[in-house]
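Chemist: Sequence plus the predicted model coming up.
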Amino acid sequence: MVDARIVQTTKALHGAIVELASQKPVSSITVADVTRAAGINRATFYSHATSPGGLLTDVITPELDAIRADDSAARAAAPGTDGAEITRRGVEKVVDHVVRYREMYRHALPDPLDASIHQALAGHFETSALQHVERLPEGTLPEGLSVHIAAGFFAHALVGAIEAWLGGKRTSRKTLLDTITAMVPSWWQ
């Protein structure tokens, strides 16, 4: 059983870092900023995280992992079904996640001094892509395709699309969803 104080402290830390990262880049957030906002001391912070960027990564990772697990479960539960529809639902969940944390991502992704969120998002997408490609039927992949290069390309393209959407001319979440979905190659589905 988890100690209620640990749960409360974790909740306070997560709320504080999301709030702070929604206002300014992660690289400008100090441990003192987080501890003050969460109402904890420095030692408690370091028993939960190594840095503000690491703490923020801890906030987003479980939700992204759940999206990956849902996608895997959907594909396993219905083999032979329309992969494009499952892909669209998975991308839509990612888009909803980004919308929920819009201001945090808007500040964190282009931060040249702290790439923790950019790396966490790209790492998540790369792991998801590798798992997906490994489950594709034999003969699906184009001739000569390197799986790890394709996964890296897809992962960083998704992060780039999200960053462009957040920093560009204001468009709807549907536009982001439609654009990403349209860019997924047919063999990927």
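Modeler: Good, I have the coordinates. Residues are numbered from 1 along each chain as shown.
Chemist: Just list what the helix or strand encompassing A150 packs against, helices and strands only.
Modeler: Under the criterion DSSP states H and E, the helix or strand holding A150 is helix 147-167. On a contact count with 3 or more Cβ pairs under 8 Å, 6 or more residues apart in numbering; DSSP states H and E, helix 147-167 meets helix 83-100, helix 102-108, helix 116-135, helix 173-183. All C-beta atoms are positioned from the backbone trio N, CA, C, and that covers glycine.
Chemist: The last one: how far from the chain's middle?
Modeler: Its chain's C-alpha centre lies 16 Å from the corresponding centre of helix 173-183 when counted by Cα atoms, centre = their mean, to the nearest Å.
Chemist: Report the central residue of this structure.
Modeler: Among the residues of the chain, the one closest to the centroid is L121, at 3.9 Å (Cα atoms, centre = their mean).
Chemist: how near is it to D58?
Modeler: Applying Cβ to Cβ, to the nearest Å, the value for L121 to D58 is 14 Å.
Chemist: Can you give me the buried ones in the longest helix anywhere in the chain?
Modeler: Among the segments of the chain that qualify as a helix by DSSP state H, the longest is helix 52-77. For helix 52-77, burial by neighbour count (16 or more other Cβ atoms under 10 Å) applies to 52-53, 55-60, 64, 67-68, 71-72, 74-75.
Chemist: These: which two are farthest apart?
Modeler: Set against one another by Cβ to Cβ, these have their most distant pair in P52 and R75, with a gap of 35.5 Å.
Chemist: Any regions of this protein where pLDDT drops low?
Modeler: 1, 79-80 (pLDDT under 70).
Chemist: again, 80 this time
Modeler: The chain contains residues with pLDDT under 80 at 1-2, 78-82, 189.
Chemist: show me what contacts E92?
Modeler: Residues in contact with E92, defined by Cβ atoms under 8 Å, 6 or more residues apart in numbering, are L177.
Chemist: no no, A49
Modeler: Counting by Cβ under 8 Å, 6+ apart, A49 touches L13, L55, D58.
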